[in-house]
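Asker: with the sequence up front, the predicted model follows.
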Amino acid sequence: MRVYLPVTVRRLAKLVETGALRVTDDVVVAPDDSEDAEYDALMTAAETSAVLARELDPGERRRVVVVAEVDRLGPTISLRDVVAVHADAVDLPDDTDVDDLDDLGDLSWYATQEIPDLLG
């Protein structure tokens, strides 16, 4: 099962530091493995991530979605379950409204080995 966990830059750093993240109620599960279903799940998680990011300091205001492949959804997601991270390349503008997210474009794709570069 593919799950999409909306996070912040801080929570992504915690994933790298501890090797796991607690699953929140905001987790989005793709209903099937079709491209459309996975894209919809990603964008739903990105909207939630934007809301979380607005509260952060400059340099951390990016939409970040952790994508993991799990057999079943448990209380945590392990770093070894992560298959990719999607994130904005730059901070969201200060005045970004969730209704304006379509204007921001797609998230960039990062392989798991690129997470340190994303955080740097």
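Answerer: Noted; the coordinates are in hand.
Asker: what about the most centrally placed residue in the chain, which helix or strand?
Answerer: Using C-alpha atoms, centre = their mean, the residue of the chain that lies closest to the mean C-alpha position is Val65, 0.8 Å off. Using DSSP states H and E, Val65 sits within strand 64-69.
Asker: name every strand pairing with the next helix or strand after that strand and say which way it goes.
Answerer: Next helix or strand after strand 64-69 toward the C-terminus (DSSP H and E): strand 76-78. Strand 76-78 sits in its sheet next to strand 20-22 (antiparallel), going by DSSP bridges.
Asker: list the buried ones in the strand it pairs with?
Answerer: Leu21 (16 or more other C-beta atoms under 10 Å). Quick note: C-beta positions are derived from backbone N, CA and C, even for glycine.
Asker: repeat that for stretch 80-88.
Answerer: Neighbour count says stretch 80-88 has Asp81, Val82, Ala84, Val85, His86, Ala87, Asp88 buried, by 16+ other C-beta under 10 Å.
Asker: any chance of JSON lines for these, columns secondary structure, distance to Pro6 and pLDDT?
Answerer: Formatted as JSON lines, those follow (DSSP: H, G, I helix; E, B strand; the rest coil; distance: C-beta to C-beta, whole Å; pLDDT from 0 to 100):
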{"residue": "Asp81", "secondary structure": "helix", "distance to Pro6": "16", "pLDDT": "97"}
{"residue": "Val82", "secondary structure": "strand", "distance to Pro6": "14", "pLDDT": "97"}
{"residue": "Ala84", "secondary structure": "strand", "distance to Pro6": "14", "pLDDT": "97"}
{"residue": "Val85", "secondary structure": "strand", "distance to Pro6": "11", "pLDDT": "97"}
{"residue": "His86", "secondary structure": "strand", "distance to Pro6": "10", "pLDDT": "96"}
{"residue": "Ala87", "secondary structure": "strand", "distance to Pro6": "11", "pLDDT": "94"}
{"residue": "Asp88", "secondary structure": "coil", "distance to Pro6": "13", "pLDDT": "89"}
